[in-house]
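1. coordinates only, sequence not included:
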DNA sequence: TTGTAAGCGTTATCAA
DNA sequence: TTGATAACGCTTACAA
């Protein structure tokens, strides 16, 4: 590969002019610029990342800490780091994917060696060590989630506490008394998945405050149909009149179809709301089920903006919290008259 | 941050000794080594990635080209690049996640700038430009898939051609005549997803050769139950006696449960085989359904080994093809007596 | 508008 | 076993 001097020679200019032509940090006359770019093209020149890093101390690389853990719902997980990488790319950054279960060590390695300009934490648990250790990275750090301790990093997330409240209040306004919450995969709660626990806690709190009954149904383990049957039994047996689901849309859809063929009316007999179902779902839309979707794209964009600012303008991220207000997409499955969207 | 000279000074040795102590490329006496490591520790020293890159021309970084495309089944996609990153990590490499839809440009950027030591291509389509352009990267490249043109890169994949043959032959041996293939999400075929098309073609070829009927059922678009009902209708109407599914396990499970409650016997009335269902599935195991699982972990490990070899020993990858033999996990859902595992 | 030259922090060669 | 030192390719302050 040719280097900057080959290009300079060929274009008949000095190396600094070539450097400035590429970085744009100094004006270069149009003619000179043209000659340089042509020479670079002919020589198939690209600036060496190592050399650039060594001098400039900025590499346009961020670390994406996405630890692999047993019991993870990978399908919904994937959305986040794909979107995150894509958002970073839009802002001129490449993403280093760190998947080691103990994230801290890897993050330290890539930040201390000046490989990564910033850090994004994904899949946070309530007592996430990666967040508590954020101060030691020496680089801006933003968490896609809301760990308990977050003094040294920024946090971006949906406001799951509010989501729980909104869900319960919507049910209350529709006159519901006996709620059933369909949990996501059991492993997720056991391992302490941050947002799932926040939502769950909020649901409990608000159900209690509003004097409603809240029953929990653990996520499906065996066959969809057996699960569905069990849910139907509970609805009948315990006279459930409000269903809030964090299960995957296709499964909630099955539950709904079976409810209807069992003669139940939605929302007259049972109100149904899908929570955190992974984007807005065509299947649920078809069934007319209201939902409060997750918004990976928008959250990742916000996180990326925050991080870029911190990296490029030195803005401090410590302790900043950005909670996005959940949206209730009302399809009249909670009460007949549409409620106001949040 | 302190640099190598600070460490050298503190340990009372020269910089080169410190360098060798870290790289291990030259023996260092135990006492010296100790002093150096302690000094490094006290100073919180870590070698600068940029400087190291500039000199050594190797960065322990690979590029993972994982383009985002509309119509992708992200759930199954995710498994691959998570595993890939994890395999690379095990071998001492970090992974750069490239998600731009036009992968070639990004790959060129990170290889020509000496950022990445090697390239892994994921989610290949039959006429994948990334593979045809592999020679222009100037770095070893391995594809996780089998694009038509692959003279400049290595290919690692399950042998989906053989998988199709094995599936059809298993059905033939069990005396089946009329097969139904349950396709994955429709979008995947339309966009030309490599392995799905190879499997489909192979199924068609072998069904024809063995004089069997093969009918195709497009992937589910609406509700699981509507889809299931439609499949049942077809089985009845067309007297299907062999079912091969590439749909997600939970959905095939639903189909199977409904078949049984409809009075069908598996395998006596209809033989059932799950193909490419994403690892081995607990749900299908419970139902006693045979499967030929995907093997992300093992494929990624092979790809990583190949790439590491090429990067570290200069082995050429051009044109190498590594096809893994599919495994038939026989749970007696094709014929009563177990068949020999492949 | 352009050029000169001093580093950046490592690695590796050569010498001791 | 260890040390001194010249690269590596680029960026940027300073000079013209």
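-> That came through fine. Computed from a predicted structure; not experimentally measured.
2. Identify the residues contacting the closest residue to residue A:148 other than its chain neighbours.
-> Setting aside the residues directly before and after it, residue A:148 is nearest to residue A:126 in space (CB to CB, 6 or more residues apart in numbering or on different chains), at 5.3 Å. From N, CA and C alone the C-beta is placed, and that goes for glycine too. For residue A:126, the contact set (CB atoms under 8 Å, 6 or more residues apart in numbering or on different chains) comprises A:147-148, A:192, A:194, A:197.
3. and residue A:237, how many neighbours?
-> Residue A:237 has 8 neighbouring residues, counting by other CB atoms under 10 Å in any protein chain shown.
4. An error on my part: the question was meant for residue A:124.
-> When neighbours are defined as other CB under 10 Å, residue A:124 has 25 of them.
5. could you check whether stretch A:176-195 is close to chain B?
-> No: using CB under 8 Å from any CB of the partner chain, no contact is recorded between stretch A:176-195 and chain B, whose separation bottoms out at 11.8 Å.
6. Please compute how far that stretch lies from its chain's middle.
-> The chain centre lies 18 Å from the centre of stretch A:176-195; the measure is CA atoms, centre = their mean, to the nearest Å.
7. So which elements touch the helix or strand where residue A:180 lies?
-> Under the criterion DSSP states H and E, the helix or strand holding residue A:180 is strand A:178-182. Strand A:178-182 sits against helix A:194-209, strand A:213-217, helix A:224-237, strand A:242-245, with contacts defined as 3 or more CB pairs under 8 Å, 6 or more residues apart in numbering or on different chains; DSSP states H and E.
8. any idea which of those is most buried?
-> Across the helices and strands packed on strand A:178-182, averaging neighbours per residue (mean count of other CB atoms under 10 Å in any protein chain shown) puts strand A:242-245 on top, at a mean of 28.
9. Which helix or strand lies directly C-terminal to it?
-> Per DSSP H and E, strand A:242-245 leads on to helix A:249-261 as the next helix or strand towards the C-terminus.
10. what lines up beside the following helix or strand past that next one in the sheet?
-> Once helix A:249-261 ends, the next helix or strand along the chain (criterion: DSSP H and E) is strand A:271-275. The strands beside strand A:271-275 in its sheet (DSSP bridges) come out as strand A:242-245 (parallel), strand A:290-292 (parallel).
11. averaged over its residues, what pLDDT does stretch A:115-132 have?
-> Averaging pLDDT along stretch A:115-132 yields 95.
12. now do stretch A:219-226
-> Stretch A:219-226 shows a mean pLDDT of 90 in the predicted model.
13. Break down the stretch 51-200 of chain A into its helices, ranges please.
-> Residue ranges of the helices in the stretch 51-200 of chain A, as given by DSSP state H, counting those that start in this stretch, are A:74-90, A:103-112, A:129-132, A:160-173, A:186-190, A:194-209.
14. Would you format those helices as a markdown table with distance to DNA strand D included?
-> Putting the helices of the stretch 51-200 of chain A into a markdown table (distance: least, CB to the nearest atom of the strand, whole Å) gives the following:
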| stretch | distance to DNA strand D |
| --- | --- |
| helix A:74-90 | 20 |
| helix A:103-112 | 20 |
| helix A:129-132 | 30 |
| helix A:160-173 | 42 |
| helix A:186-190 | 45 |
| helix A:194-209 | 38 |
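15. Using just helix, strand and coil, how would you label the residue nearest to residue A:84 when sequence neighbours are not counted?
-> For residue A:84, the nearest residue in space outside its immediate sequence neighbours is residue A:300; the separation is 4.6 Å by CB to CB, 6+ apart. For residue A:300, the secondary-structure state derived from DSSP: H, G, I helix; E, B strand; the rest coil is helix.
16. for residue A:300, what are its contacts?
-> Residues in contact with residue A:300 (CB under 8 Å, 6+ apart) are A:80, A:83-84, A:86-87, A:144.
17. ok, 6 Å please
-> Applying CB atoms under 6 Å, 6 or more residues apart in numbering or on different chains to residue A:300 gives the contacts A:83-84, A:87.
18. Most neighbours among the residues you listed, which one?
-> For these, neighbours were counted by other CB under 10 Å; the highest total belongs to residue A:84, with 28 neighbours.
19. Format the helices and strands packed on strand A:178-182 as a markdown table; extra columns: distance to DNA strand C.
-> As requested, the helices and strands packed on strand A:178-182 are arranged in a markdown table below (distance: least, CB to the nearest atom of the strand, whole Å):
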| stretch | distance to DNA strand C |
| --- | --- |
| helix A:194-209 | 36 |
| strand A:213-217 | 53 |
| helix A:224-237 | 54 |
| strand A:242-245 | 53 |
